[in-house]
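# structure of the sequence below:
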Amino acid sequence: MPLLDHVENALRADDPLRQLRAVAIEYLSAGMGRPELLNALEGVRAVLRSQGREADEDTVLELMDVVADYCGPHMRIEL
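Predicted structure coming up:
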């Protein structure tokens, strides 16, 4: 399943940021590097922006902070 589809599913969850974090962990655990994941998420963010989905775009930006390790210890991804 493409990353965009994973993100779309996560954005519909009760706690989208936690679900998106789980998606990021899945991709990182499968061998994708953080820079590659951030680049892919930037593409997803651009799609959301083009659709006028500002709230969803903000949630993806929050995930990008988590992936880049700009987050509190409770959200940090230790891989």
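# use CA for all of it now, contacts and neighbours both
Noted.
# end to end on stretch 63-79, go ahead and measure it.
16 Å (C-alpha to C-alpha, to the nearest Å).
# relative to the whole chain's centre, how far out is that stretch?
11 Å (C-alpha atoms, centre = their mean, to the nearest Å).
# then stretch 51-69?
For stretch 51-69, the distance to the chain centre is 7 Å (C-alpha atoms, centre = their mean).
# what about that stretch, average pLDDT?
Stretch 51-69 shows a mean pLDDT of 97.
# and for it, what are the contacting residues?
Contacts to stretch 51-69, defined as C-alpha atoms under 8 Å, 6 or more residues apart in numbering, come from residues 11, 16-17, 20-21, 24, 34, 37-38, 41, 45, 48-49, 71, 75-77.
# quick one: buried residues of that stretch?
D56, E57, T59, V60, L61, E62, L63, M64, D65, V66, V67 (16 or more other C-alpha atoms under 10 Å).
# that older thread, now a ChimeraX select for only the buried ones of the contacts of stretch 51-69.
ChimeraX command restricting the contacts of stretch 51-69 to the buried ones, with burial defined by 16+ other C-alpha under 10 Å:
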select :11,16,17,20,21,24,34,37,38,41,45,48,75,77
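# so which of the contacts of stretch 51-69 belong to strands?
Counting by DSSP state E, the contacts of stretch 51-69 place none of their members in strands.
# for the residue sitting furthest away from the middle of the chain, what are phi and psi?
For the chain, the residue at maximal distance from the C-alpha centroid (C-alpha atoms, centre = their mean) is G52, at 17.8 Å. Backbone torsions for G52, taken as degrees, to the nearest 10, come to phi 70, psi 30.
# any chance you could map the helices in this protein?
3-11, 16-29, 34-50, 54-67 (DSSP state H).
# let's see the longest one as CSV, backbone CA atoms only.
Coordinates of each C-alpha in helix 34-50 appear next as CSV, following Å, rounded to 0.1, in the frame of the first residue of the first chain:
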residue,chain,number,x,y,z
ARG,A,34,14.5,9.1,8.0
PRO,A,35,15.5,11.5,5.2
GLU,A,36,13.6,9.3,2.6
LEU,A,37,10.6,9.1,4.8
LEU,A,38,10.6,12.9,5.4
ASN,A,39,10.9,13.4,1.7
ALA,A,40,7.9,11.1,1.0
LEU,A,41,5.9,12.8,3.8
GLU,A,42,6.6,16.1,2.2
GLY,A,43,5.0,14.8,-1.0
VAL,A,44,2.0,13.6,1.0
ARG,A,45,1.8,17.0,2.7
ALA,A,46,1.8,18.8,-0.7
VAL,A,47,-1.1,16.6,-1.9
LEU,A,48,-3.1,17.5,1.2
ARG,A,49,-2.3,21.2,0.8
SER,A,50,-3.5,21.1,-2.9
